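Engineer: Give me a 3D structure for the following:
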Amino acid sequence: MTSHLKRSAHAVSLTTGRLTSGSRILPSFLIVGAQRCGTTSLYRALAQHPLVLKPVLRKGVHFFDVAYRRGLPWYRAHFPLRATAARLHRRFGHRPLAFESSPYYLFHPLAGARIAWDLPGVKLIVLVRDPVERAYSAYLHELARGFEQESSFEHALQLERRRLAGEADALCAEPHSQSHAHRHHAYLARGRYAEQIGKLEAQVGRQRLLVLDSHRFFADPDAVYDRVLEFLGLPHVADPVFERHNARPRPAPMTVSLRRALRDHFEPWDSRLRPWLGEEPSWRR
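Structural biologist: You can find the predicted model right below:
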């Protein structure tokens, strides 16, 4: 299908969704980040569960970060009908759960408060990985998508402080504004996970938050998947097919000196993750 036809189909589907918004369910849980930490892989594994209902159009709705001005009826239009959920409830004897995955939610300065206000009781899942690897992966991802123009990863890191200066404050001052740099150039800032998770916990509470080490997920997906089902209160109905998604080839490894400098930069933040993970981060052992 061409991009034009895809956009047309999307518009038709969303229009239909808006007309039936009052008959649709809101998500019971969200995968909120972090970017380039396996969120797509977890999303696709969970979407195979018969009691987990994905959005009708795309995995990430991005309502609480860049589309909040559209209003809650617009957001609700992206999710399945209550009648669909009711049929599944009768079939399996368990209430199905809708969800979506938008990894900018964790980092956006207003998303957490918006989620807490509009979705009281929602559960949130965060995946984290070695922030050094995440930073390089994010840079290559943005470069491939055309959102990054710097051909040197190291130079992009040097520019980050200037690029992001004042951007979070500007987003808070103008709640419906967007920041290209904040969304696409935060290679270091997005890897300071503890700062973001701590803020999110203050907004929704520890019991509604599950933090996962993505290395653990890829090394032993069955165990992590079962842990997610337990957190969500879902029965284990069938075994999903686990796959790794959105991996990008790396043109060259980081220099030893840059890797060491980044590891030192993230050490204070990594050390604060243990209360959420229940153990030392895999990349610090």
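
Engineer: Every contact and neighbour count from this point should use C-alpha atoms.
Structural biologist: Noted.

Engineer: For Arg162, see how far away the spatially most central residue of the chain is.
Structural biologist: By Cα atoms, centre = their mean, the chain has its centre lying nearest to Pro103, at 2.4 Å. From Pro103 across to Arg162, the span is 23 Å (Cα to Cα, to the nearest Å).

Engineer: same deal with Asp213?
Structural biologist: Here the distance between Asp213 and Arg162 works out to 30 Å (Cα to Cα).

Engineer: In terms of neighbours, single out the busier of the two.
Structural biologist: Asp213 (23 against 11; other Cα atoms under 10 Å).

Engineer: That one bridge partners, please.
Structural biologist: Note on Asp213: beta-bridge partners Val128, judged by DSSP bridges.

Engineer: Tell me the confidence at it?
Structural biologist: What the model reports as pLDDT for Asp213 is 98.

Engineer: ok, the residue nearest to the centre of the chain touching Thr40?
Structural biologist: No - judged on Cα atoms under 8 Å, Pro103 makes no contact with Thr40 at a distance of 9.3 Å.

Engineer: show me the contacts for Leu72.
Structural biologist: Going by Cα atoms under 8 Å, 6 or more residues apart in numbering, Leu72 touches Asp118.

Engineer: how much space is there between it and Glu148?
Structural biologist: On the measure of Cα to Cα, Leu72 and Glu148 end up 32 Å apart.

Engineer: Ala67 now?
Structural biologist: Taken as Cα to Cα, the span from Ala67 to Glu148 is 22 Å.

Engineer: Check Phe79 too.
Structural biologist: Counting by Cα to Cα - Phe79 and Glu148 are separated by 32 Å.

Engineer: who has more neighbours, the two?
Structural biologist: Taking neighbours as other Cα under 10 Å, Phe79 and Glu148 compare with Phe79 leading, 25 against 18.

Engineer: Wasn't the more buried one part of a helix?
Structural biologist: No - assigned with DSSP: H, G, I helix; E, B strand; the rest coil, Phe79 falls outside any helix and is coil.

Engineer: Spatially nearest residue to it, not counting backbone neighbours?
Structural biologist: Leaving aside its chain neighbours, Phe79 sits nearest to Pro55 (4.8 Å; criterion: Cα to Cα, 6 or more residues apart in numbering).

Engineer: Could you count how many residues lie near the one you found?
Structural biologist: Using other Cα under 10 Å, Pro55 has 21 neighbouring residues.

Engineer: Correct me if wrong: it contacts Ser101.
Structural biologist: No - contact criterion Cα under 8 Å: Pro55 and Ser101 do not qualify, at 9.2 Å.
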